[in-house]
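> Sequence first, then the predicted structure, then my questions.
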Amino acid sequence: MKQGLVTKIEKKFIIVKTDDADIERLKKRTNIQVGERISYERKDIYKGFNKISYNQIGASLSMIIILAVVGFNILNQINQNEVFAVVSYDVNPGFILEINNDDKVLTISSTDGFDHIIPVDYKKQALDGVLNDITDNVIKEHLLIEYDIILLSYVNVSDKPKDSEALHNFINSKKNNYQIVLVTSEETYLEKANDNNQSVGRHYISELLEVNNIPVEESNQYIQEAVKALDIIDEDTNDVIELDTTTLIEKDTSKIESGDDQTAAADTKTEENSSSETTDQTKEESADTSEDEKKEDDDKQSEEDLKAIEKQKTITDEAHQDYLNKKSASETAKRNLDQQQSLVNEKTEQLETQQSRYSDILNGETELVDEKNTLNNRINVEKANLINEALLIRDTTINSTESDQNKVDQLKAEADRIYDVAYNIYRPIADNTITYLEQLKNDKQELLNNPPTTMGINTDGIQAEVDELVQMINDIDNQSSILIPEVTADSVNQEMIYTYNAAYAEFNLKREEKHALYNQANKLQKEIDSIEDDANTLYNNRLKEIDDLYSGDLTRIEEIQSVLDGFKNIKPKFETNIQEMSDELVLLNNELARLSNLYKQAIRSRDDAYSIYLKEKEILDQLENKE
């Protein structure tokens, strides 16, 4: 007969986790709930799977071996990425390091924004080496000098007690040149420090200052001044100062005096009453025989003797009947007591069964929470690493286009420079030409508006000249073409027109050169944008692959959470039921105690009645046997 905890119920079978941590599939039963502890035999094992051939068995065994090897490697990788302990390093600034079971650093974070001090290649490096690198970096930043205080802390967050050899190596290498303070704590205190966005060491020093009412202002020398203010450093020695956060907890050490000597005299009181009950039984035995001894006639009893015998028979019969009644009453009391004891035993067994089932639920809940935390930790650590790797690949690809991007900027800058130089030469000539043409246009317009009276003019011809002058001015403003006077060919200054056209031709040539450079830059920019788009597409696809990779873990976490939610609903019912059964058992035990007292009283009454009966019987025998 084996036992196990029901973890899942399928359509055709139920899944049970055995006490040996094996998984069994059993035939489905009715009235079974997840979290319930059940017993089963070999015949209960579910066998609804297809038969396989020996070749399939061999292939399966090979696959199992492969999976075992792969599983071992994966488990080893998980262990390598699992946070075993948290170390902090404080000199203002401060750093928090997470390490694995092999004292290799997994993550580092700065508590003061000094991320640039964190070593570049710290991941999976030995703790003592990384701490040495941090020390070198803070020295370079002039944040630490010889004989300053280095405040360290160590918190084991696993269920395996183990000191950090690498941390002690670092301490031993630095204690001759620096004053080392090491604070050890537990996970709950770490969470408390995290809630205050502080390392364990800094948080503990702050609490010591507060407890001792010592004010120390925040500054870049806070750690040095705070530790010195607490006066815990012996500057004459190189000893490491080791502190434990539990020293802040005030424990009640008051003693409770024993009361045994108050009851010593009580044990002697009952012995004085035990001998007084036996002296009265023999006093009456000789009273009735005194008159018979006085009779002189041995052949005939007197009438008084016969009456005495009859009277004694009546007394004896009444004593016997009283004894029988008391005996019957004691037997009834015994039956009532036995029945009550059966009820108490039955209810006690029910309570123990319910408590055992509740304990199984709590144990199952603990196991599932541990499994859930393990999966979450794997996702948080491994998945984060994979995402960071994908992000690094994307950023590396994008950063590889930096030189091309610089070239684009250079091409556009050169194009703008060429254009600006040409434009600065062209613009003054264009402005002078516009001024000249504007004046000529105004003169022509004035002639149209106020024609001379002494001679006739060709207004149509003059208007055509005005129109052409306006068009040339617009062409200059729009920088659209050279000037080719036709109607105004005889009236404009051809030398000025030639000068403008030469400046425009040179400017237009440089403008086309600018456009060519911009086209080259835009083409290169498209290539850069295409590379960045491809990098982002690959990154997004990798994120989807990572999500798919851990979808099984997420599904299992959802399954576990579903079971935990079920436990959450079931536990209050169990607790209420256990409390009700406990209360009922108290009442049953009280009634059992009452019936037990009644039974003891009935036994005493029966025994007293029997003693009286024996005494009266003895008197009767003496009367009847008297000579």
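Noted; the coordinates are in hand. Residues are numbered from 1 along each chain as shown.
> Which stretches in the stretch 201-350 of the chain count as helices?
Using DSSP state H, counting those that start in this stretch, the helices assigned to the stretch 201-350 of the chain run over residues 222-230, 290-293, 303-378.
> Pull the distance from stretch 557-573 to the chain's centre.
17 Å (CA atoms, centre = their mean, to the nearest Å).
> ok, residues contacting it?
7-8, 33-35, 358, 361, 364-365, 368-369, 371-372, 375-376 (CB atoms under 8 Å, 6 or more residues apart in numbering). Every residue, glycine included, has its C-beta placed from N, CA and C.
> One more: stretch 397-415?
513-515, 517-518, 520-521, 524-525, 527-528, 531-532, 534-535, 538.
> what's the most buried one of the helices of the stretch 201-350 of the chain?
helix 222-230 (a mean of 19; mean count of other CB atoms under 10 Å).
> Residue 582 - nearest residue in space that isn't next to it in sequence?
Nearest residue to residue 582, sequence neighbours excluded (CB to CB, 6 or more residues apart in numbering): residue 351, at 6.4 Å.
> What separation do you get for that neighbour and residue 585?
6 Å (CB to CB, to the nearest Å).
> likewise residue 355?
11 Å.
> quick one on the thing from earlier: quick check on the contacts of stretch 397-415: which are buried?
In these, burial by neighbour count holds for 514, 517, 518, 521, 524, 525, 528, 535, counting by 16 or more other CB atoms under 10 Å.
> nearest to residue 199, of these?
residue 535 (37.4 Å; CB to CB).
> So the closest residue to the closest one other than its chain neighbours, which state does it fall into?
In space, not counting the residues next to it along the chain, residue 535 is nearest to residue 397; the distance is 4.0 Å by CB to CB, 6+ apart. What DSSP: H, G, I helix; E, B strand; the rest coil gives for residue 397 is helix.
> what number of residues lie near residue 434?
Number of residues near residue 434 (other CB atoms under 10 Å) recorded here: 16.
> quick one: contacts for it?
Per CB under 8 Å, 6+ apart, neighbours of residue 434: 473, 476, 477.
> Buried residues, stretch 420-440. List them.
422, 426, 429, 430, 433, 434, 436, 437, 440.
> for stretch 582-595, same thing?
Quick answer for stretch 582-595 (16+ other CB under 10 Å): 585, 588, 592, 595.
> mind checking the SS state of the first one?
Here residue 585 is helix, with the state taken from three-state DSSP.
> Compute the distance between it and residue 598, please.
Distance from residue 585 to residue 598, by CB to CB: 20 Å.
> Could you do the second one as well?
Remark: distance between residue 588 and residue 598 (CB to CB) = 15 Å.
> Residue 503: neighbouring residues, count only.
Residue 503: 20 neighbours (other CB under 10 Å).
> Who are the contact partners of the nearest residue to it once chain neighbours are set aside?
Excluding the flanking residues, the one nearest residue 503 by CB to CB, 6+ apart is residue 429, at 4.2 Å. Listed by CB under 8 Å, 6+ apart, the contact partners of residue 429 are 499, 500, 503.
> Verify the stated contact: residue 169 with residue 130.
No: look at residue 169 against residue 130 with CB atoms under 8 Å: they stay out of range, at 11.8 Å.
> between those two, who's got more neighbours?
Shown here are residue 169 and residue 130; by other CB under 10 Å, residue 130 has more neighbours (26 against 17).
> was I right about that one contacting residue 108?
Yes: contact criterion CB under 8 Å: residue 130 and residue 108 qualify, at 7.3 Å.
> what residues are shared contacts of the two?
Common neighbours of residue 130 and residue 108, counting by CB under 8 Å, 6+ apart, are 97, 119, 122.
> where in the stretch 151-300 of the chain is pLDDT low?
Along the stretch 151-300 of the chain, the model assigns pLDDT under 70 to residues 235-238, 247-300.
> Looking at the contacts of residue 434, which one is closest to residue 392?
Residue 392 lies nearest to residue 477 out of the contacts of residue 434, by CB to CB, at 54.5 Å.
> Any buried residues in the helix or strand containing residue 8, and which?
Element membership for residue 8 (DSSP states H and E) is strand 2-9. By 16+ other CB under 10 Å, the buried positions in strand 2-9 come out as 2, 4, 5, 6, 7.
> Would you mind putting the CA coordinates of the very next helix or strand once past that strand into CSV?
Of the helices and strands lying after strand 2-9 in sequence (DSSP H and E), the nearest is strand 13-18. The C-alpha trace of strand 13-18 is given here as CSV (Å, rounded to 0.1, in the frame of the first residue of the first chain):
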residue,chain,number,x,y,z
PHE,A,13,-6.8,9.2,-14.7
ILE,A,14,-5.5,11.2,-11.8
ILE,A,15,-1.9,12.2,-11.3
VAL,A,16,-0.4,11.6,-7.8
LYS,A,17,3.0,12.7,-6.4
THR,A,18,4.2,9.9,-4.1
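> and the angle from strand 13-18 to strand 2-9?
Taking axes from the mean of the first three to the mean of the last three CA atoms, to 10 degrees, one finds strand 13-18 and strand 2-9 inclined to each other by 130 degrees.
> so is the closest residue to residue 152 other than its chain neighbours in a helix, a strand, or just coil?
The spatial neighbour of residue 152 that comes closest, neighbours along the chain excluded (CB to CB, 6+ apart), is residue 182 at 4.9 Å. Put simply, residue 182 is strand when judged by three-state DSSP.
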